[in-house]
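> Fold the following.
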Amino acid sequence: MAKLITTLAYVAAVLSFASQNISGLVPFFFYPALAMSLSGIPYRPLAKRFMAALPFALMGGIGNLIWMKGTAFTLAGVPVSYGTISFVSIMLKTLLSVFAVLILIATTSFMEVVRQMGRLGVPSIVCLQFVITYRYLSVLLGEASSMLTAYSLRSPGQRGIKMKDTGSFLGQFILRSFDRAGRVYQAMKCR
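Got it, this is the predicted structure:
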């Protein structure tokens with residue numbers, strides 16, 4: 001419970017800073033560094049998992065680069081826009097928040113986190129949704145893996161999915177996921 005409350009308070013504190021206050025975020029780097037050193041968590045696996053959140057932060061930050069063009073100050077003769085400051089702030093906030101959550105998950109089992117969320121007053125239906133998603137994520141990943149294998153066998157020498165095939169691939173993935181969910185549900189009813 002203490003780890004969950006600490007992580008939630010830390011993330012709330014990090015996200016509460018204004019987008020132009022980058023220097024205020026610097027002290028927040030001590031928590032992940034201290035938590036990783038005390039718990040013995042290696043940096044490299046957390047950095048790999050952070051890469052999953054990076055595209056979302058980049059998209060939000062790039063939007064600010066485009067729309068916030070006013071010059072905030074000049075640094076060594078180079079004008080720095082408000083969009084650049086906001087971009088750096090978004091990236092730092094994402095880094096700090098994701099690392100805090102990853103440290104929590106690395107030191108506490110997922111089921112224990114969900115149980116403590118229930119004790120904090122999170123509705124049971126939300127906790128149940130987290131548990132079901134967590135349990136069947138491997139099923140969905142297996143389905144996606146088999147679809148990627150089938151796609152790569154049908155288009156040899158192709159790296160990844162072509163942009164024109166992405167929509168139909170995702171549509172088929174959703175349909176296959178619903179079908180798989182139905183089969184899992186029927187199997188559970190039979191038990």
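
> how about the longest helix along the chain: buried residues?
Longest among the helix segments of the chain by residue count, using DSSP state H, is helix 124-154. Buried residues in helix 124-154, counted by 16 or more other CB atoms under 10 Å: C127, F130, E143, M147, Y151. C-beta here means a position set from N, CA and C on the backbone, and glycine is covered the same way.

> which of those residues lies closest to P27?
F130 (31.0 Å; CB to CB).

> any idea how far the closest one lies from G157?
Noted for F130: a distance of 40 Å to G157, by CB to CB, to the nearest Å.

> ok, now G70?
Relative to G157, and taking CB to CB, G70 is found at 48 Å.

> SS state for P79?
strand (DSSP: H, G, I helix; E, B strand; the rest coil).

> on that earlier part again, the more surrounded of G70 and G157?
G70 (8 against 5; other CB atoms under 10 Å).

> who touches the more buried one in this structure?
S81, Y82 (CB atoms under 8 Å, 6 or more residues apart in numbering).

> Next, give phi and psi for it.
Phi and psi for G70, reported as degrees, to the nearest 10, are phi -60, psi 140.

> And the pLDDT for it?
Confidence at G70, expressed as pLDDT, is 77.

> how close does it get to S81?
If you go by CB to CB, the gap between G70 and S81 works out to 6 Å.

> One more: L38?
39 Å.

> just S146 next, same as before
From S146 to S81 the distance is 46 Å (CB to CB).

> related to what we said a few turns ago, got JSON lines for the buried residues of helix 124-154, with pLDDT and distance to F99 too?
As requested, the buried residues of helix 124-154 are exported to JSON lines (pLDDT from 0 to 100; distance: CB to CB, whole Å):
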{"residue": "C127", "pLDDT": "91", "distance to F99": "24"}
{"residue": "F130", "pLDDT": "87", "distance to F99": "20"}
{"residue": "E143", "pLDDT": "85", "distance to F99": "30"}
{"residue": "M147", "pLDDT": "89", "distance to F99": "32"}
{"residue": "Y151", "pLDDT": "88", "distance to F99": "34"}
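
> In a markdown table, list those along with distance to R115.
Formatted as a markdown table, the buried residues of helix 124-154 follow (distance: CB to CB, whole Å):
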| residue | distance to R115 |
| --- | --- |
| C127 | 8 |
| F130 | 11 |
| E143 | 28 |
| M147 | 34 |
| Y151 | 39 |
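
> quick one: T166 is in a strand?
No: assigned with three-state DSSP, T166 falls outside any strand and is helix.

> neighbours around it, how many?
T166: 11 neighbours (other CB under 10 Å).

> ok, now N21?
N21 has 11 nearby residues by other CB under 10 Å.

> Spell out the secondary structure type for P156.
Classified using three-state DSSP, P156 is coil.

> would you list every one of the strands in the chain?
71-75, 78-81 (DSSP state E).

> which one of these has the lowest average pLDDT?
strand 71-75 (a mean of 74).

> Show me what that strand is packed against.
strand 78-81, helix 82-107 (3 or more CB pairs under 8 Å, 6 or more residues apart in numbering; DSSP states H and E).
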